[in-house]
Structures are given as C-alpha cells and as structure tokens.
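**Student:** need the 3D shape of this:
(one chain, ligands or ions: 1)
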Amino acid sequence: MKVIKVKNYEEMSEEALKVMLSVVSENPNAVLGLATGSTPLGLYAKMAQDHRENGTSYANCRAVNLDEYVGLDASSDQSYVYFMRENLFKNIDIKLENTHIENGTAADKEAECARYNALLNELRQDIQLLGIGSNGHIAFNEPGTAFDSVTHIVDLAESTIKDNSRLFKSIDEVPRQAFTMGLSNIMNAKKVLILANGEGKANAVRELVKGEAREEVPATVLQSHPDCILICDEAAGKFI
Ligand code: GLP
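**Tutor:** Sure, this is the predicted structure:
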C-alpha cells in the first residue's frame with residue numbers, strides 16, 4: 001500500500017484529485033467506483049471546479065457506487081443516490097444513465113443484490129474510491145464480513161448507526177440495513193484510493209496499515225491489493 005500523509009483535509013482532497021484525474025485522463029471511458037460520506041466531499045468539490053475551469057470531461061465515464069440504505073430512494077435527501085447527484089453528478093458532465101447504485105427500495109432484495117453484482121462484473125472499476133468507518137468498515141462491510149463477499153445486505157453495526165446519525169434528524173431515522181458492494185467487488189478494482197481524515201479515524205487507519213489482515217477489520221483486506229493508495233491527514237495518520 002502506498003501511503004501519502006498530508007497536513008489537512010484540503011491537502012488530502014487535492015492529492016486525491018490528482019489521482020482521480022490521472023485515471024480519467026489516461027482513460028476517458030473509465031469506470032469510477034465512487035463513495036459517499038463526508039470524507040470525499042472535498043474531492044467532489046474539486047472535481048467539479050476542475051471540470052468547470054479545465055474542462056475535464058466525464059461524458060464517457062461510467063460510475064458505480066458502493067452502497068445504499070435499504071428503504072431509501074432518490075426522493076429522500078438521506079439516500080446515497082441523492083447525495084451523489086447533489087454533491088457530484090449535477091456538477092460534472094457524467095450522464096446520469098451511466099451512474100449506478102443499488103436500488104434501496106427494490107422489492108426483492110436478493111434479486112437486487114444479484115443484479116448489482118452482475119453489473120459490477122461487467123463494469124470493473126478503473127478506480128475505487130473509499131472512505132473508512134471508525135470501526136474499520138469499507139463501504140458498509142462491517143466487522144466480520146468475509147473477504148470474499150460480493151454485493152449483499154448488511155445489518156449496520158451500532159457504531160455505524162451512531163456515526164451516521166449526525167446526518168439524520170434523529171438516530172431513530174437511520175436505516176438499520178443497507179445494500180453494499182462486497183469486499184471482493186472492491187478488491188476487483190484496478191486501483192483503490194482510500195481517504196481518511198480526522199482523529200476519529202486514527203485507530204482504523206493504524207489497523208489498515210499496520211494491523212494483521214483479518215475479517216474483524218474489513219479494511220485490512222486492502223493490504224493485499226496490488227495498487228492501493230491511502231491518503232490521510234495528520235490526525236488520521238497519527239499512529240502510522
Ligand atoms: C459510511 C459509508 C462509507 C464511508 C463511511 C465513513 O458508513 N457507507 O462508505 O466511508 O461511512 O463516512 P465519513 O466519510 O462520513 O466519515
């Protein structure tokens with residue numbers, strides 16, 4: 001794993017932009033694996049700015065997102081489909097029909113997992129962007145998820161419900177389940193870019209870089225990825 005330590009969130013986002021742009025300039029048809037959460041917001045703002053100012057085009061790119069809450073769709077401003085549209089897609093020239101995410105309100109959840117998994121097998125990510133949960137989860141692969149897992153439904157960990165409740169009116173509104181790409185879908189990406197900022201991520205980052213690879217800390221699966229880049233700020237990287 002290549003580790004890039006920077007001072008702060010701004011520099012983390014700037015470095016992440018360089019990696020993203022190198023992938024898109026090398027391959028204008030790239031498949032971009034994208035993530036939600038607070039961590040990539042700075043990168044998404046910089047992608048939008050670069051698109052406006054320098055004309056980087058995503059018109060031929062495809063996007064696949066990591067995860068979605070069960071029960072939420074684009075009409076909910078807490079859904080990840082809404083998040084992506086508001087924070088990135090509407091600010092660049094990617095075609096919405098080329099953007100993909102699990103359907104949170106699918107009636108048949110198992111069929112939805114199978115559909116998304118088949119799609120991921122067709123659209124291998126040229127780059128997969130990731131944040132990291134404070135408990136070491138990636139996407140919504142909670143501690144104990146098998147390293148060879150594919151798209152599935154998860155019961156969210158109590159710590160994740162608590163962490164993510166800051167974005168909801170109350171903790172009771174946080175969905176208890178989510179669809180998520182599995183760890184093997186993530187490992188299938190040609191390149192992985194994982195971002196971490198803030199002290200709350202320091203323990204998870206230590207495990208990611210220095211811990212033994214084990215299913216209790218899902219992010220440690222990345223240790224065996226052939227092209228994984230971690231960009232973290234000083235606070236998140238204080239133990240490495
Ligand atoms: C959520 C998402 C993850 C994300 C993580 C960290 O649970 N499913 O993809 O990486 O939380 O979120 P944040 O970036 O807001 O700290």
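**Student:** longest helix in this structure, please.
**Tutor:** helix 9-26 (DSSP state H).
**Student:** residues making contact with that one?
**Tutor:** 4, 6, 30, 32, 40, 42-43, 45-47, 50, 56, 58, 61, 126-127, 129, 191, 193, 195, 197-198, 229, 231-233 (CB atoms under 8 Å, 6 or more residues apart in numbering). For the C-beta atoms, the positions are set from N, CA and C on the backbone; glycine is no exception.
**Student:** of those, which belong to helices?
**Tutor:** Among the contacts of helix 9-26, the members found in helices (DSSP H) are 42, 43, 45, 46, 47, 50.
**Student:** filter those residues to the buried ones?
**Tutor:** Applying 16 or more other CB atoms under 10 Å to those, the neighbour count classes 42, 43, 46, 47, 50 as buried.
**Student:** the bottom helix or strand of the chain by mean pLDDT?
**Tutor:** None of the helices or strands of the chain scores lower by mean pLDDT, DSSP states H and E than helix 158-164, at a mean of 92.
**Student:** spatially central residue for the protein, please.
**Tutor:** Closest to where the C-alpha atoms of the chain average out (CA atoms, centre = their mean) is residue 35, at 2.7 Å.
**Student:** from the ligand, how far out is it?
**Tutor:** Going from residue 35 to the ligand by CB to the nearest ligand atom, to the nearest Å gives 5 Å.
**Student:** burial measure for the residue lying closest to that residue once chain neighbours are set aside, as a count.
**Tutor:** Nearest-residue entry for residue 35: residue 129, 4.8 Å, with adjacent residues in sequence omitted and distances by CB to CB, 6 or more residues apart in numbering. For residue 129, the count of nearby residues is 25 (other CB atoms under 10 Å).
**Student:** dump the residue contacts of residue 129.
**Tutor:** Residues near residue 129 by CB under 8 Å, 6+ apart: 16, 20, 32, 33, 34, 35, 40, 43, 193, 194, 195.
**Student:** of those, closest to the ligand?
**Tutor:** Nearest to the ligand among these: residue 35, at 4.9 Å, using CB to the nearest ligand atom.
**Student:** correct me, but the closest one touches residue 139?
**Tutor:** Yes: between residue 35 and residue 139 there is a contact under CB atoms under 8 Å: 7.4 Å.
**Student:** anything in contact with each of these two?
**Tutor:** The contact sets of residue 35 and residue 139 overlap at 66, 130 (CB under 8 Å, 6+ apart).
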